[in-house]
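predicted model follows, preceded by the sequence.
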Amino acid sequence: MKKILTSIIVCFVAIAVSAQQKAVIEVSYSEISFYENGVERGNKYHLLANAGQSKFFNPRSEEIDSLTSTPEGLANFKKTQEAALQAMIAQGGIDVNKLPRKKETLYVVKSAADSTITVYDVIGTDEPVYYTEPYSEMVWEIGDSTKTILGYECIQAETDYHGRHWTAWFTPEIPIQDGPWKFHGLPGLILEARTGEGRYGYVADGIERSDKIINGIYGADTYEKRDRKAILRAMRAMRDNPMGHLNAKGIKVEISPETLSKESKDGDFIETDYR
């Protein structure tokens, strides 16, 4: 099955050069990241990719963005949230983690034609922002070690990128120079990447051929372009003092100490060079 999938993908890679909007492969990844108390977050992402472009995203988040991209859809979604909130209040407590909402707000779009990465994210809950960076900021050193992931023989590679040292495993059997998050540029699909200390990373847990359209980001025109490090500093300030950030916007909320401990003081971000 793996060999059949590989041969199909190789054929479709060539076709995809002239049909840039269609993916040839879809890969699901489990994200490695932890709360301060050691509990793993358990976030999931998908990569839709062809030889020239890709999109890395959380499917549930994209579904919600699609639903709320029209006035009618947004109104219906708000009604769903309000109903869930009222049900929680009636039961004597509010658990924001059980409200209908996006857990992940990150989208990463890569374009080989422009050699650029575009990252979309949200500061807090209401400041959609994006930034771009060139492919050239990620430089790899390929090693000799190998291991098998999902039946594919993978080769080790390493890079120092935005404050962390990464070890990745890519398979030349799938000749797509892409991978999870912002990873790219190796002669094969990246199926795993981890930081040196192991607290961040992505591991592929599923792969299949796909002809899905690599569509744009819903509401892309509402995202404001900012500097990458400025965005990370703003996110750091929000995480360190969420109540102050919300109160400054006129939003009065109470956040439990347990939530603050779990959400706001969780080490550092995946990129640390903003400090």
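In hand now; what should we look at?

low-confidence regions, the stretch 51-200 of the chain specifically.
For the stretch 51-200 of the chain, the stretches flagged by pLDDT under 70 are 81, 84-85, 88, 90, 93-101.

what about the helices in the protein?
Listed in chain order, the helices of the chain (DSSP state H) span 2-16, 59-67, 71-90, 228-240, 242-248, 257-259.

the longest one packs against which elements?
By that I understand helix 71-90. Counting contacts by 3 or more C-beta pairs under 8 Å, 6 or more residues apart in numbering; DSSP states H and E, helix 71-90 is packed against helix 59-67. Placement of C-beta: from N, CA and C, glycine included.

and the helix it packs on, how far out from the chain's middle?
Mean-position distance between helix 59-67 and its chain equals 13 Å (C-alpha atoms, centre = their mean, to the nearest Å).

residues of that helix that come out buried?
Under the neighbour-count criterion of 16 or more other C-beta atoms under 10 Å, helix 59-67 has 61-62, 64-65, 67 buried.

as TSV, the residues you listed with distance to Arg199 would be great.
As requested, those are arranged in TSV below (distance: C-beta to C-beta, whole Å):
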residue	distance to Arg199
Ser61	23
Glu62	26
Ile64	28
Asp65	28
Leu67	33
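
now, which of the residues you listed sits nearest Ala75?
Among these, Leu67 lies closest to Ala75 (C-beta to C-beta), at 10.5 Å.

might one say that the closest one is in contact with Phe77?
Yes: Leu67 lies in contact with Phe77 (C-beta atoms under 8 Å); the separation is 5.5 Å.

now do the strands in the stretch 101-250 of the chain.
Taking DSSP state E, counting those that start in this stretch to define them, one finds strands in the stretch 101-250 of the chain at 107-111, 116-123, 127-134, 141-149, 152-161, 164-171, 189-195, 201-209, 224-225.

what lines up beside the fifth one in the sheet?
In this case it means strand 152-161. Neighbouring strands of strand 152-161 in its sheet, by DSSP bridges, are strand 141-149 (antiparallel), strand 164-171 (antiparallel).

quick one: contacts of the shortest one?
Going back to what we said before, that points to strand 164-171. Contact with strand 164-171 is made by 140, 147, 149, 152-160, 179, 183, 186-196, 200, 270-272, as judged by C-beta atoms under 8 Å, 6 or more residues apart in numbering.

ok, now with 7 Å
Under the criterion C-beta atoms under 7 Å, 6 or more residues apart in numbering, residues 147, 149, 152-159, 179, 183, 186, 188-196, 272 lie in contact with strand 164-171.

show the buried residues in the residues you listed.
For the contacts of strand 164-171, a burial check counting by 16+ other C-beta under 10 Å picks out 149, 152, 154-157, 159, 179, 183, 186, 188-195.

I'd guessed Leu191 sits against Cys154; true?
Yes: judged on C-beta atoms under 7 Å, Leu191 makes contact with Cys154 at a distance of 5.8 Å.
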